[in-house]
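Q: build me a structure from this.
(chains A and B)
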Amino acid sequence: MKNKKNIFIYVLYSTIFISIFFVSLMTGPGNISLSKVFSLLFFISPSFQEDSIHYTLLHQLRIPRTIMVLLSGAALSVAGVITQAIFRNSLSSPGILGISSGAALFSVLSMYFGLEVYSFYIVPLASFSGSFLVFFILIMLSDKLSGMSSLLLTGLALSAFFNSITTLLLNTGLERLDFAAKVLRWMMGSFEGLGWLHIYWTIIPVIISFFLAIWIARDLDTLHLGIDTAITLGVNYRMLVIIGIIIISLLVGIITAMVGIIGFVGLIIPHMVRMVTGAGHKRLILHSIVVGAIFLLLVDIVVRKFDSIALAPGVITGLFGAPFFLWLIIKTRYSE
Amino acid sequence: MTFTLENISMNYSPVREEGVLFKNMKIDFSTSSIVTLVGPNGSGKSSLLKIMAGLIKPLTGNIVINGKNIPDYSHKERAELIAYLPQTTPLYYNLTVKELVQLGKSRKIFTFDSDSRISDELVMHSLERVNMQLFANRKIFSLSGGELQRVLIARVLMGNAQIVLLDEITTSLDIEHVLQIMDIIKELASEGKLVIFSMHDFHFASEYSEFTLLLGYHNENKYFYDKSTQVLIPSILEKTFNVKIELTKESYRFRRHN
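A: Down below sits the predicted model:
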């Protein structure tokens, strides 16, 4: 029976995944029909004038964008799973704890000082250091913080602090229009202007992180019963936390550097998936990868269908995510 | 198996040298099977159990198992030797009973292996020992205090460790469940395991345990370890707990239905 259920889920996932992938390739300015997408993908080389434009559009813009969105959705969801496991707090996520804000601030800082002209790698590295730093602060404080709400409040304070500095940098750099535009882009998230170079840079840390996450999945399971029990079950807790920090910093760092802050994905997806898979981390991680990718691609399709400048992906995830977060808080209260 | 405490000392605040909990504790548990740990609140019962479990470092001294200090064992080896059940186990997610008990199997750490390798049989066997086999698919948040405590003990039994440390696991339970758990402890001891558990009830302590370790005792090292019949006597308990104890003729003895 379990096998049947698994097969059903695989079929469901693949069907949704493939259809939404093609919908994504069709959506956006310069409508490309499904048959054209197929022929441009598999059959014809760019020969006619019109085809050539569509070919470039598809191969240089739409496919990389779609892949990048899938990667971001999967990465942010896994980062959410690991964050909730390490802090043993199902209301936490990289966004809520300020890890994303830290990453964004450091990216913006590196651009403020014009460092990105030296190398394409500067912004991702800065972003990674930002998320690493925030996570480090949280871990240092977590001994002193007891209970769910104090951790969340600390995250709130940290993100308010980092966002203020980001806003300050934005205000002082307003006369540099390209800088201001970039910062605004960061703060709401954006999938505009993503190319293959971005994917090359994102895919390696993301895949490494996914492997690390599945590798520590069983150890994360023991944290369900608290740190003391986990340690007496043979878990090297310190090592586990360090690997967790690396995973989250890598994922949040690289994704924030590429597409900016997209909140609530890391909160919503682990919760939705947990309802189906249960709390075991291996299944939770694998399913979150798929569901997170599909979810964010749906969001991006909505963004492209409508006005993509006013409707940033971060705005949409926020519109859905914030009420969801409220509902979670109320629900958690009752079950306590 | 040998299990000895060598010169273990601990303070309230290990950083500052004040508030001695116990000093230079030297005990050889190798010949014991059931040991109760008694003492007033704040006398260091939980701290001592955590030290024995290798969770916190004592101020001085070593815990030696089979001739080797605890820190010299790998995480996995230690987990296979010592099982520990804390006073309260935080529960974050509504796992099923089966999932929770499965977590107790000591595992190869950092592995891609799937949990399904831990056989259902082993889980069911552990649950049978605490008489909870019918609850295997129930969610843990729906269990009563006594049921949950037994499931947590089943979790401890998964590992088959030789040393079992239990921290006040009977405190919130009614008499029937206390008796059930005491019988499980007895059974573990009969398999050759060493069970060390803390509790506040002297009746059960004297009835079930061969040896008693009293903390907060009024001597220089602040502990007293001997046969339970030597430790759990009015003259010693009165001083340690600062109460008066009267011996009355009538007293009740509780037993489980067979």
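
Q: excluding its backbone neighbours, what's nearest the residue nearest to the spatial centre of chain B?
A: The centroid of chain B falls nearest to residue B:166 when counting by Cα atoms, centre = their mean (1.7 Å). Of all residues not flanking residue B:166 in the chain, residue B:197 sits nearest, at 3.9 Å (Cβ to Cβ, 6 or more residues apart in numbering or on different chains). (Each C-beta comes from the backbone N, C-alpha and C, glycine too.)

Q: that neighbour bridge partners, please.
A: residue B:36, residue B:166 (DSSP bridges).

Q: which bits of the stretch 201-336 of chain A sit near chain B?
A: A:214-216, A:218-219, A:221-222, A:224-226, A:228-229, A:231-236, A:274, A:278-280, A:282, A:335 (Cβ under 8 Å from any Cβ of the partner chain).

Q: just the buried residues of those.
A: Neighbour-count burial (16 or more other Cβ atoms under 10 Å in any protein chain shown) is assigned, among these, to A:214, A:216, A:218-219, A:221-222, A:224-226, A:228-229, A:231-236, A:274, A:279-280, A:282.

Q: inside helices: which ones of these?
A: If you go by DSSP state H, those have A:214, A:218, A:219, A:221, A:222, A:228, A:229, A:231, A:232, A:274, A:282 in helices.

Q: dump the residues you listed to a markdown table, plus pLDDT.
A: Shown next, in a markdown table, are these (pLDDT from 0 to 100):
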| residue | pLDDT |
| --- | --- |
| A:214 | 93 |
| A:218 | 86 |
| A:219 | 89 |
| A:221 | 89 |
| A:222 | 89 |
| A:228 | 90 |
| A:229 | 92 |
| A:231 | 90 |
| A:232 | 91 |
| A:274 | 89 |
| A:282 | 89 |
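
Q: for those residues, which one is nearest chain B?
A: residue A:232 (4.2 Å; Cβ to the nearest Cβ).

Q: how many neighbouring residues does the nearest residue to that closest one once chain neighbours are set aside have?
A: Leaving aside its sequence neighbours, residue A:232 sits nearest to residue B:84 (Cβ to Cβ, 6+ apart; 4.2 Å). Neighbours of residue B:84 under the rule other Cβ atoms under 10 Å in any protein chain shown: 25.

Q: now do the helices in chain B.
A: B:45-52, B:75-81, B:97-102, B:120-129, B:145-157, B:175-190, B:202-208, B:228-231, B:234-241.

Q: avg pLDDT for the helix or strand hosting residue A:317?
A: Assigned by DSSP states H and E, residue A:317 falls within helix A:313-335. The average pLDDT for helix A:313-335 rounds to 81.

Q: what of stretch B:217-232?
A: Here the average pLDDT along stretch B:217-232 is 87.

Q: buried residues in that stretch?
A: Applying 16+ other Cβ under 10 Å to stretch B:217-232 flags B:217, B:222, B:223, B:224, B:225, B:228, B:231, B:232 as buried.

Q: quick one, what contacts residue B:196?
A: Residue B:196 makes contact with B:29, B:35, B:36, B:37, B:49, B:52, B:163, B:164, B:165, B:166, B:213 under the criterion Cβ atoms under 8 Å, 6 or more residues apart in numbering or on different chains.

Q: any chance of TSV for these, columns distance to residue A:5 and pLDDT?
A: TSV is the format used below for the contacts of residue B:196 (distance: Cβ to Cβ, whole Å; pLDDT from 0 to 100):
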residue	distance to residue A:5	pLDDT
B:29	49	90
B:35	48	94
B:36	48	94
B:37	47	94
B:49	42	95
B:52	44	94
B:163	41	94
B:164	38	94
B:165	40	95
B:166	38	95
B:213	51	93
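
Q: quick one: which of these is nearest chain A?
A: residue B:165 (8.4 Å).

Q: and the pLDDT at the residue nearest to the closest one when sequence neighbours are not counted?
A: Leaving out its chain neighbours, the residue that sits closest to residue B:165 by Cβ to Cβ, 6+ apart is residue B:84, at 4.6 Å. Predicted confidence (pLDDT) for residue B:84: 95.

Q: give me the below-cutoff pLDDT ranges for chain A.
A: Along chain A, segments meeting pLDDT under 70 span A:1-2, A:43-50, A:143-149, A:307-310, A:333-336.

Q: spatially central residue for it, please.
A: Nearest to chain A centroid, counting by Cα atoms, centre = their mean: residue A:76, 2.4 Å.

Q: identify the residues contacting the closest residue to residue A:88 other than its chain neighbours.
A: Of all residues not flanking residue A:88 in the chain, residue B:92 sits nearest, at 5.2 Å (Cβ to Cβ, 6+ apart). By Cβ under 8 Å, 6+ apart, residue B:92 lies in contact with A:88, A:89, A:90, A:224.

Q: list the buried ones in the helix or strand residue A:250 falls within?
A: Under the criterion DSSP H and E, the helix or strand holding residue A:250 is helix A:237-259. If you call a residue buried by 16+ other Cβ under 10 Å, then helix A:237-259 has these buried ones: A:237, A:240-241, A:243-259.

Q: how much space between the closest residue to residue A:106 other than its chain neighbours and chain B?
A: Spatial nearest neighbour of residue A:106, chain neighbours left out: residue A:130 (3.0 Å); criterion: Cβ to Cβ, 6+ apart. According to Cβ to the nearest Cβ, to the nearest Å, residue A:130 stands 28 Å off from chain B.

Q: I'd say residue A:130 and residue A:253 touch.
A: Yes: counting by Cβ atoms under 8 Å, residue A:253 is a contact partner of residue A:130 at 7.0 Å.

Q: any residues in contact with both of those two?
A: Common contact partners of residue A:130 and residue A:253 (Cβ under 8 Å, 6+ apart): residue A:103.

Q: let me know the pLDDT of the closest residue to chain A within chain B.
A: Chain B approaches chain A most closely through residue B:79 (3.1 Å), counting by Cβ to the nearest Cβ. On pLDDT, residue B:79 comes in at 89.

Q: excluding its backbone neighbours, what's nearest it?
A: Residue B:79's closest residue in space is residue A:234 (Cβ to Cβ, 6+ apart), at 3.1 Å.

Q: try residue B:227
A: By the measure of Cβ to Cβ, 6+ apart, the closest residue to residue B:227 outside its immediate chain neighbours is residue B:211, 6.0 Å from it.

Q: the residue nearest to residue B:166: neighbour count?
A: The burial count for residue B:197: 25, using other Cβ under 10 Å.

Q: again with residue A:119
A: Using other Cβ under 10 Å, the number of residues around residue A:119 comes to 10.

Q: could I get the phi/psi values of it?
A: Backbone torsions for residue A:119, taken as degrees, to the nearest 10, come to phi -160, psi 150.

Q: how far away is it from chain B?
A: In terms of Cβ to the nearest Cβ, residue A:119 sits 34 Å off from chain B.

Q: the strands in the stretch 1-150 of chain B, which residues?
A: For the stretch 1-150 of chain B, the strands defined by DSSP state E, counting those that start in this stretch cover B:3-13, B:18-28, B:34-38, B:60-65, B:68-69, B:82-85.

Q: neighbour-wise, give me the winner out of the contacts of residue B:92.
A: Counting by other Cβ under 10 Å, top hit in these: residue A:224 with 23 neighbours.

Q: pull the distance from stretch B:190-200 to the chain's centre.
A: 6 Å (Cα atoms, centre = their mean, to the nearest Å).
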